[in-house]
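> Turn this into a model:
(chains A and B)
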Amino acid sequence: MSGEKEKQLIRPYGDRKDDGVIQLSFVLPVPISEQAKEAAALVAKKLGLSHVLVSAMEKAGEDYSFFVVYGRTHMQLDYNAIEVPVVLHRKHPFDELNEVVRRDLGRRIVVVGACIGTDSHTTGIDAIMNMKGFAGDYGLERYPMFRAINLGSQVEPERLVQRAKEEGADAVLVSKVVTQRDVHKEDARALLQRAKEAGLLEKTIFLFGGPRVDHKTAVELGFDAGFGPGTKPSDVANYIYYRLLERMGRAPAPQKTAHGTQDATVPLTGEKLGETL
Amino acid sequence: MPQLFVDADKIARARDLARSAANGVQAFIDRHTTVSIERTVLRLLGVSGAGTRGAPLANLMVDRLREAGVLNRGAAYWLGRALRASPGKDPLQAIERVAAHPEKLPPLAPAEEEQLREEMRADARAAAGELQRRVEQRKELKGSLKVGSFEGAPWKYVIVATGNIHDDVEQARAAAQQGADVIAVIRSTAQSLLDYVPHGATTEGYGGTYATQENFRIMREALDAESRKLGRYIHLTNYSSGLCMPEIAFMAAYERLDMLLNDAMYGILFRDINMQRTFCDQYFSRRICAFAEIIINTGEDNYITTADADEAAHTVIASQLINETFARLAGMKDELIGFGHSFEIDPAREDTLLREFAMALMVRELFPKSPIKYMPPTKHKEGDIFFSHAYDVMSDLVAITTGQGIQLLGMMTEAMHNPFLMDRYVALKSAAYVYRAARHLGEEIAFNPDGIVARRQRAVFDEALALLDEVAKDGMMAAIGKARFGDTARTPEGGKGLDGVVERAPGYFNPFLEILEGKA
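This next block holds a predicted model:
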């Protein structure tokens, strides 16, 4: 496909077009010295840079040196040959997600969460639901456009289903940490059975999370999705938003997204999330 | 020259309202105890080990007593009974025997009862004396060294958080050599929700390092050595928050930490910890901080990472006045209360620098004796590290000009990763430059009494006063139920840890509290 397009060769650019200039900074675990400075230049050269200038070497502690280095790269690439994977959904950052929920749904999304059965390990559900969130990622409670109801630990499936019904939940979030003798699967099945009886399955999104949970198992059990370790609240929030749009037949068209940016994609499966840990 | 443009009458009225809101809660606190308070008493009395699978002995003992329904008389009482009933026995086994059938224990004659209490009081006094000696050691070292970069410069506070305490030590030493005055070891994600304190040195954590007594000891020892070498005292801080506020405060005091994050409402709002539990725990932990002369840092900076910093500025002031009241009720001197706030107004707006000056000056002058803790921007940080440093320099400028006490420099990589060695280096170098360059700026400038700064202060304070009015009318607990703070509603029965709150029985005995309250 790329053969049909005209080539567009590009290089990093500092002062004059195609000069290949790159600035970088790093620390080496040695005290500052002429030898350390040479080591920094060598790092840059080994990275393939020429015209290397170590513009700063500073003492960042007795045993550490901080460097700012400039150099030129000779690599070039064909911009037109780059294929960006098309993903279903771009992940919205915090403020933007609130905005699109307001715009597309015109109301708050209601999420009810709990640890079911005998499980008292609420760390997972708390990390997703609480204000504070997890690893710098705000919890669902902090989203103005989400109403997050955390029922806590050891909640019986009946009670969770009943509460979800009362609250008109858009999504139910279930966490299971204890997995001895597959007790998590039994409890999960029991929950979905109750939900079916209560007529909730069609309306409500059911999500399953926990350290031993993967997307495949969750789907096999009858959930909409499974989320494993490393899942962030923003992943869950985005997933619920897109899933709701999908159910309304209003999912946005697939979009292009850059590789490796923090808000690139909404992970589609728990397995994928596990790998990012 | 005065930089506070709010009527003194209004300030006095706001303090009265905060006092009346807190007094109702204090009456509740004085009638209750918690599992964490009782575990702290046991730890003071020497119950510091862990059982099989790492469960702390203090937890095992307090859980037995709670299950037996007798915790309301105080763990120290039962420890005394158990040691009498089975002299020379292992204390856990002795407590288990007592707790198995507390009703079968013959009542003690009043003289015996009094003798038991006197014995436990003597033990507690000896242990508190040892604690006092360790605090004196800390003060002695600090007194013999230079503190901060110069008189009037905020202490430069940076965070380390590798997950491994030994790597943390390396990073902390480098930061100290780069000019840091305070090292904070960020805790592992969600440790605040654990109803126990992990035991021993730890080398794995997620997003931070577990707070354990052994980790405290390792880091303080390393910083003592570094302080002596540099001739400048390096403070250590951690988090007395979550479900184990009193225990962490005790461990921190024992291991000679200098500061602790400790807020009367943070756990309730941001961690959904039960409010009855938090109110009781914050009191006891602050009593310990008062005793051990540990500076607390309150958490108001968090409110404006949730709500809009411009619109929610008044909640910061109202909460600070409430935190002040609670801290004073716990016997804390103003010099130990480090109120928190932050430089957080959206940088896309105009004149944010003046609005930040207004807040920073108001907080500074409302609490003239307190070492105010000033947070750098976090909410509007994105991945551009170059701009991030420029943005932080503005907060450095406000900090030195307005005389903030402790300035956090740690969040330059917010929205990316925990700070790397080079990130801290650039932040510390820039802050040192700004402090030097603007050293006497604050003494030279006076703001227009009818200008943006003055009007902003008056508007924010009026809103804070209105909020305190509502809180005093509704009562603290009901006000939190109405989401008056941090945009979050919590109920007195909701959240984690309520089952760890116990109403004191008439014969409740807590020899540590007696010492802390100055009654023994």
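
> Can you give me the neighbour number for the closest residue to chain A within the stretch 1-150 of chain B?
Distances between the stretch 1-150 of chain B and chain A by C-beta to the nearest C-beta are smallest at B:Asp63, namely 13.5 Å. Where you see a C-beta, it was placed from the backbone N, CA and C, and this is true even at glycine. When neighbours are counted by other C-beta atoms under 10 Å in any protein chain shown, B:Asp63 registers 18.

> List the contacts of it.
Contact analysis of B:Asp63 by C-beta atoms under 8 Å, 6 or more residues apart in numbering or on different chains lists B:Val35.

> what's the helix or strand for it?
Using DSSP states H and E, B:Asp63 maps to helix B:57-67.

> Now do the buried residues in that helix.
Buried residues in helix B:57-67, counting neighbours by 16 or more other C-beta atoms under 10 Å in any protein chain shown, are found at B:Leu57, B:Ala58, B:Asn59, B:Leu60, B:Met61, B:Val62, B:Asp63, B:Arg64, B:Leu65, B:Arg66.

> Quickly note the distance from the spatially closest residue to the last one that is not a sequence neighbour to B:Tyr303.
Okay, so that is B:Arg66. Leaving aside its chain neighbours, B:Arg66 sits nearest to B:Val35 (6.3 Å; criterion: C-beta to C-beta, 6 or more residues apart in numbering or on different chains). Going from B:Val35 to B:Tyr303 by C-beta to C-beta, to the nearest Å gives 28 Å.

> B:Pro87 too?
Relative to B:Tyr303, and taking C-beta to C-beta, B:Pro87 is found at 53 Å.

> Looking at these two, which is more packed in?
Neighbour tally, B:Pro87 and B:Tyr303, criterion other C-beta under 10 Å: the higher count belongs to B:Tyr303, 28 against 8.

> these two touch, right, that one and B:His314?
No - at 9.8 Å, B:Tyr303 does not count as touching B:His314 under the criterion of C-beta atoms under 8 Å.

> tell me, what's touching those two both at once?
Residues touching both B:Tyr303 and B:His314 (C-beta under 8 Å, 6+ apart): none.

> what's near enough to touch A:Ala36?
Contacts of A:Ala36 (C-beta under 8 Å, 6+ apart): A:Leu28, A:Val30, A:Met57, A:Ser65.

> Which one of those sits in the busiest neighbourhood?
Tallying neighbours with other C-beta under 10 Å puts A:Ser65 at the head of those, with 24 neighbours.

> Now that residue: phi and psi?
Phi and psi for A:Ser65, reported as degrees, to the nearest 10, are phi -120, psi 140.

> Chain B versus that one, what's the distance?
From A:Ser65 across to chain B, the span is 10 Å (C-beta to the nearest C-beta, to the nearest Å).

> In three-state terms, label the residue in chain B that chain A sits nearest to for me.
Closest residue of chain B to chain A, C-beta to the nearest C-beta: B:Ala174 (3.4 Å). Counting by DSSP: H, G, I helix; E, B strand; the rest coil, the backbone at B:Ala174 sits in helix.

> ok, it - contacts?
A:Ala60, A:Gly61, A:Glu62, A:Asp63, A:Tyr64, B:Leu421, B:Arg424.

> Now tabulate those in a markdown table and tack on distance to B:Leu131.
A markdown table is the format used below for the contacts of B:Ala174 (distance: C-beta to C-beta, whole Å):
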| residue | distance to B:Leu131 |
| --- | --- |
| A:Ala60 | 37 |
| A:Gly61 | 33 |
| A:Glu62 | 34 |
| A:Asp63 | 35 |
| A:Tyr64 | 37 |
| B:Leu421 | 35 |
| B:Arg424 | 32 |
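
> Which ones among those residues lie within helices?
Under the assignment DSSP state H, the contacts of B:Ala174 contribute B:Leu421, B:Arg424 to helices.

> Pull the contacting residues for the nearest residue to A:Leu244 once chain neighbours are set aside.
Among residues not flanking A:Leu244 along the chain, A:Asp170 sits closest, at 6.0 Å (C-beta to C-beta, 6+ apart). Contact analysis of A:Asp170 by C-beta under 8 Å, 6+ apart lists A:Ile109, A:Val110, A:Val111, A:Thr204, A:Ile205, A:Ile240, A:Leu244.

> Run through chain B and note the low-pLDDT ranges.
B:1-2, B:306, B:415, B:520 (pLDDT under 70).

> any idea how far B:Leu57 is from the residue in the stretch 51-200 of chain A positioned nearest to chain B?
When scored by C-beta to the nearest C-beta, the stretch 51-200 of chain A has A:Gly61 as its residue closest to chain B, at 3.4 Å. A:Gly61 sits 40 Å away from B:Leu57, going by C-beta to C-beta.

> same question, A:Pro211
From A:Pro211 over to B:Leu57 (counting by C-beta to C-beta), the distance is 28 Å.

> Ok, A:Ala148 next?
Look at A:Ala148 and B:Leu57: by C-beta to C-beta, they are 37 Å apart.

> For B:Asn297, what are phi and psi?
phi -120, psi 120.

> Can you get me a residue count around it?
By other C-beta under 10 Å, the residues close to B:Asn297 number 28.

> quick one: contacts for it?
B:Thr237, B:Met259, B:Leu260, B:Leu261, B:Asn262, B:Gly338, B:Gly340, B:Lys373, B:Ile406.

> Does the second one touch B:His235 like I think?
Looking back up the chat, that one is B:Met259. Yes - between B:Met259 and B:His235 there is a contact under C-beta under 8 Å: 6.0 Å.

> any common contacting residues for the two?
B:Val182.

> returning to that earlier point: output the contacts of B:Ala174 in JSON lines, with neighbour count and distance to B:Gly451 appended to each entry.
Converted to JSON lines, the contacts of B:Ala174 look like this (neighbours: other C-beta atoms under 10 Å in any protein chain shown; distance: C-beta to C-beta, whole Å):
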{"residue": "A:Ala60", "neighbour count": "25", "distance to B:Gly451": "42"}
{"residue": "A:Gly61", "neighbour count": "21", "distance to B:Gly451": "44"}
{"residue": "A:Glu62", "neighbour count": "12", "distance to B:Gly451": "48"}
{"residue": "A:Asp63", "neighbour count": "14", "distance to B:Gly451": "50"}
{"residue": "A:Tyr64", "neighbour count": "24", "distance to B:Gly451": "46"}
{"residue": "B:Leu421", "neighbour count": "19", "distance to B:Gly451": "42"}
{"residue": "B:Arg424", "neighbour count": "26", "distance to B:Gly451": "36"}
